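[1] dropping a prediction and its sequence here:
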Amino acid sequence: MSSTISHSSKSKRQQQENDAAKKENNMLENILDLNDLEALQTVFMTEGDGYDNKLSLDKEKFAVCLALVLKKGTKEQYTDLFDKIDATKEGVVDWDKFAEHMLLEFYGRDDRKRSSQVPQWKETKYLPTPHRDIIQRVCYSKNMNRYISVSREGLIALWKQDCRLQRSIKIAFDYIKPRDMWVTDFALMPNINKIALAFTSKEIAVYDLSSKLDPACHYIIQNIPYTPISLDYWYNPENPNEAILVYGDTSGHVTSLEFNQATSFLFERPTQPAGEVKEQTLTVKLDSILKGREKSCTLSQHHGHKDWVRQVRYVHTLECFISCSTSQQDAIVLGWKGTGKMRTSLFEITEGVCGFDYHEELNLIATAGVNKNICLWNPYVISKAVGVLRGHMTSVIQVQFNRPKSQLISMSKDKVVRVWDVMQQMCLQRMAGMFPKGPEMNSFLFFHEEQMRMMLTFNYQFTMTQMNPEMKNRVTSHDKPVTAILYNSVFNQIVSADAGSNISMWMLDSGQKAKKFTNCHGKAEITCMAHDYSETRLYTGSTDGTVKEWDYNGHCHHILNAGSGQPCDITQVLFLKRQIAIVGWDRTICIFRSQFMTKFMCQPSDWKGGQKHQEDILSCAFSNPITMASGSYDGEIVIWNLNSENASKQLQHKMKATGKAKQAEAKVERPQSRLSSTSNDEALSKAMQ
């Protein structure tokens, strides 16, 4: 009995799918060819009473005209096509409307599904950390099969593969007080199982990590003129004796130390007199390397930057040193490998660069711009970027390639992480709100490609999230995250919007994409949508602070300036009687009255009730005839009388704080997204002094 029912339901479902496919194939738009369109254009271009004195037809005449000209299709197909074109219910169709509809139809049909898939991440984990100061960097050691993090106070933490802490080590010098010495950066030296650390005491120390006890300091490079703040290390896999340690300092110098006996020693120890105890730590003066007294090490440098060298890296395939700074004229400098003073190439980027990454296979340099943009550069073309990735609202502080997928991961100062498709130069994903709250934090991003694991640090806090395995042959409806969706009962269609400012219409019967409107709000993301009462007009809210009114042919009739020209997230558009209420990242209700919406750009009217919410309004609801409710970020709900526009009730989850509790509560501020001052740089300057 059950098998009979199962077979019957399966047959019914198959029949429904066949009917939908048959209906899709029989659509009039799918059987029209170029000759049909030219014949219809000739008819519509005759004199008439429509726009520009051209022919304009109502539904009955439209069906008769198509029957005479096309000699294909049925009257039902003609009337269905008329209803689709006349989305605004004006009752007539001319050539402009017909051509616009067909153009959108062909555009949607030819729209190819992109190959990139949006990454799916597991829940973010907060790792218990021994660090008590800002974590400067995180990296992975293949030799030790461990993650290594180093914080500013000189604490080295080793983490197992499952991100459990194995042990922590505190670095200190006898001749320097701990409070007077900060670690600015570090670099792993995997071919000799050591780690190099740069200090504000203008020294670089090399420690041995092979011992199970506390690491021993083998070398200290002293007499460095300026504080080294960025480090990188490279070695030749075919000849591990060849290695390069490069550092950038606060004066804009990039200095390279090239070793030729790395596996034996970095610097040759002098012969000790008989009877003297051999010192464990060898102190090397930078002047002796510069003057050629160290046979195992040669020095070369350039002064290509005018500001601090934020990041430095040696790229063997290019045989050059890439470095960056926040100075516009020398944001990126390529120092070509050589002896003595290096030859340099300068890239000028507005407001400078906070960080970069290089992709060897694509031969691209990705730069994290202070101006909120990510630029992609060919190392040999300094005049113009290959591409520009826009979307961050504050300065981008770090970028890193996910090489197996040809993707780029970026993080901005407001703790927003974005994933980009490099080949198509589009944003696949935006992640925010899952990271620690706070007005300003020094952050670092590390992505481990082998484990598809992303680690983020915020001051001394350590978070980790991992990418889920990719699903093969996964079908997606949008290239970017879907932010809003509606059902239109008039056209029996699903309307969806995504973070790329695109709107798509889908036929519910067949699943076919009927239309697609692109760049509806430019580069801004669509956050919400709403229909009017007739369901022939679509309203879209965006992060640019505007709400746009569209018909179903993609024509924008009005722009509602809810944000008063300032960017802000619109969270909901609500239709009332003869007026529209818009709420978002503001504490007041923005109201637009229909009698004043006569211009293309419409300004809001005054809301008599004023401000009742203490936090941003996130949602609202309407109950006919005169009641509206609005809810805010702090959990408060306000009931409004629409006749008087005054608040009738305020529903609060808890009583307001009073006295000392209220004063303490007032000190807590919500994080701001604007770019704050670089307090870390100022503190570092004081420490170096």
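    Yep, it's here.
[2] OK, contacts around the closest residue to Ile485 other than its chain neighbours?
    For Ile485, ignoring the flanking residues on the chain, the nearest one in space by C-beta to C-beta, 6 or more residues apart in numbering is Ser496 at 4.7 Å. (Each C-beta comes from the backbone N, C-alpha and C, glycine too.) Contacts were defined as C-beta atoms under 8 Å, 6 or more residues apart in numbering; by that measure Ser496 touches 477-478, 482, 484-486, 503-504, 506.
[3] secondary structure for those - can I get that in a markdown table?
    Shown next, in a markdown table, are the contacts of Ser496 (DSSP: H, G, I helix; E, B strand; the rest coil):
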| residue | secondary structure |
| --- | --- |
| Ser477 | coil |
| His478 | coil |
| Val482 | strand |
| Ala484 | strand |
| Ile485 | strand |
| Leu486 | strand |
| Ile503 | strand |
| Ser504 | strand |
| Trp506 | strand |
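[4] follow-up on the earlier one: can you name the residues bridging to the residue nearest to Ile485?
    Beta-bridge pairing for Ser496 (DSSP bridges): Ile485, Ser504.
[5] re earlier: save the contacts of Ser496 as CSV, and put in distance to Lys291, pLDDT and neighbour count too.
    Formatted as CSV, these follow (distance: C-beta to C-beta, whole Å; pLDDT from 0 to 100; neighbours: other C-beta atoms under 10 Å):
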residue, distance to Lys291, pLDDT, neighbour count
Ser477, 67, 79, 14
His478, 63, 82, 18
Val482, 64, 91, 16
Ala484, 67, 92, 17
Ile485, 70, 94, 14
Leu486, 74, 93, 17
Ile503, 68, 92, 22
Ser504, 68, 90, 22
Trp506, 73, 88, 20
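[6] Pro215: neighbour count?
    Number of residues near Pro215 (other C-beta atoms under 10 Å) recorded here: 18.
[7] check which helix or strand it maps to.
    In this structure, Pro215 sits in neither a helix nor a strand according to DSSP states H and E.
[8] gap between the residue lying closest to Ile221 once chain neighbours are set aside and Leu197?
    Closest residue in space to Ile221, ignoring its immediate chain neighbours: Ile204 at 4.4 Å, by C-beta to C-beta, 6+ apart. Ile204 sits 7 Å away from Leu197, going by C-beta to C-beta, to the nearest Å.
[9] check Lys142 too.
    For Lys142, the distance to Leu197 equals 20 Å [C-beta to C-beta].
[10] with Lys515 instead?
    Lys515 sits 59 Å away from Leu197, going by C-beta to C-beta.
[11] the more surrounded of Lys142 and Leu197?
    Per other C-beta under 10 Å, whichever of Lys142 and Leu197 has more neighbours is Leu197, with 22 against 9.
[12] surely the more buried one meets Leu209?
    No: here Leu197 lies out of contact with Leu209, judged by C-beta atoms under 8 Å, at a distance of 11.4 Å.
[13] how many residues are close by Lys59?
    16.
[14] from Phe491, how far off is the closest residue to it other than its chain neighbours?
    In space, and not counting its chain neighbours, Lys59 is closest to Phe82: 4.9 Å by C-beta to C-beta, 6+ apart. For Phe82, the distance to Phe491 equals 13 Å [C-beta to C-beta].
[15] between these two, who's got more neighbours?
    Neighbours per residue (other C-beta under 10 Å) separate Phe82 from Phe491, with Phe82 holding more: 22 against 19.
[16] how many residues are close by Asn492?
    With other C-beta under 10 Å as criterion, Asn492 counts 10.
[17] quick one: contacts for it?
    By C-beta under 8 Å, 6+ apart, the contact list for Asn492 reads 507-509.
[18] between those residues, which is nearest Gly635?
    Taking C-beta to C-beta as the measure, Gly635 lies nearest Leu508 of the contacts of Asn492, at 36.7 Å.
[19] excluding chain neighbours, what is closest to that closest one?
    Using C-beta to C-beta, 6+ apart and skipping residues adjacent in sequence, the residue nearest Leu508 is Asn492, 5.2 Å away.
[20] same question, Ile570
    Spatial nearest neighbour of Ile570, excluding adjacent residues (C-beta to C-beta, 6+ apart): Gly541 at 2.9 Å.
[21] residues touching the one you found, list them.
    By C-beta under 8 Å, 6+ apart, Gly541 lies in contact with 526-529, 547, 562, 570-573, 582, 584.
[22] out of those residues, which are inside helices?
    Using DSSP state H, no member of the contacts of Gly541 sits in helices.
[23] for Met189, state which of those is nearest.
    Nearest to Met189 out of these is Thr527 (C-beta to C-beta; 48.0 Å).
[24] thought that closest one was touching Ala484?
    Yes: taking C-beta under 8 Å as the definition, Thr527 is a contact partner of Ala484 at 7.1 Å.
[25] quick one on the thing from earlier: and the helix or strand that contains the residue nearest to Lys59, what's its mean pLDDT?
    Phe82 is part of helix 75-85, with elements assigned from DSSP H and E. Helix 75-85 comes out with an average pLDDT of 85.
[26] show me which positions of that helix end up buried.
    For helix 75-85, the buried set under the neighbour-count rule, 16 or more other C-beta atoms under 10 Å, comprises 77-78, 81-82, 84-85.
[27] which among those gets closest to Asn641?
    Out of the buried residues of helix 75-85, the member with the shortest distance to Asn641 (by C-beta to C-beta) is Lys84, at 41.3 Å.
[28] tell me the SS of the closest residue to the closest one other than its chain neighbours?
    If the residues on either side of it in the chain are set aside, Lys84 comes closest to His101, at 6.5 Å by C-beta to C-beta, 6+ apart. Recorded secondary structure, His101: helix (three-state DSSP).
[29] most surrounded residue in the contacts of Asn492?
    Highest count within the contacts of Asn492 by other C-beta under 10 Å belongs to Met507, 18 neighbours.
[30] return the residues in contact with that one.
    Residues counted as contacts of Met507 (C-beta under 8 Å, 6+ apart) are 24, 492-493, 513-514.
[31] tell me which two in the residues you listed are the farthest apart.
    Maximum distance among these (C-beta to C-beta): 14.4 Å, for Asn492 and Lys513.
[32] pLDDT score for Thr271?
    pLDDT recorded at Thr271 is 75.
[33] that one: what secondary structure?
    Three-state call for Thr271 (three-state DSSP): coil.
[34] and the host helix or strand of Gly631, which strands flank it?
    Using DSSP H and E, the element containing Gly631 is strand 627-632. Strands that pair with strand 627-632, judged by DSSP bridges, come out as strand 617-623 (antiparallel), strand 637-641 (antiparallel).
[35] closest to Phe401 out of the contacts of Ser496?
    Within those, proximity to Phe401 (C-beta to C-beta) peaks at His478, which comes in at 24.2 Å.
[36] my read is that Met467 contacts Lys405, right?
    No: here Met467 does not reach Lys405: they are 9.4 Å apart, not a contact under C-beta under 8 Å.
[37] rewinding a little: and the contacts of Met507, which are buried?
    Among the contacts of Met507, the ones that count as buried by 16+ other C-beta under 10 Å are 493, 513-514.
[38] and those residues as CSV, adding pLDDT, secondary structure and distance to Thr298?
    Shown next, in CSV, are the buried ones among the contacts of Met507 (pLDDT from 0 to 100; DSSP: H, G, I helix; E, B strand; the rest coil; distance: C-beta to C-beta, whole Å):
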residue, pLDDT, secondary structure, distance to Thr298
Gln493, 90, strand, 70
Lys513, 78, strand, 62
Ala514, 79, strand, 68
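[39] for these, which one is nearest Asn646?
    Taking C-beta to C-beta as the measure, Asn646 lies nearest Gln493 of the buried ones among the contacts of Met507, at 39.4 Å.
[40] what sits against the closest one?
    With C-beta under 8 Å, 6+ apart, Gln493 has these contacts: 487, 505-508, 514.
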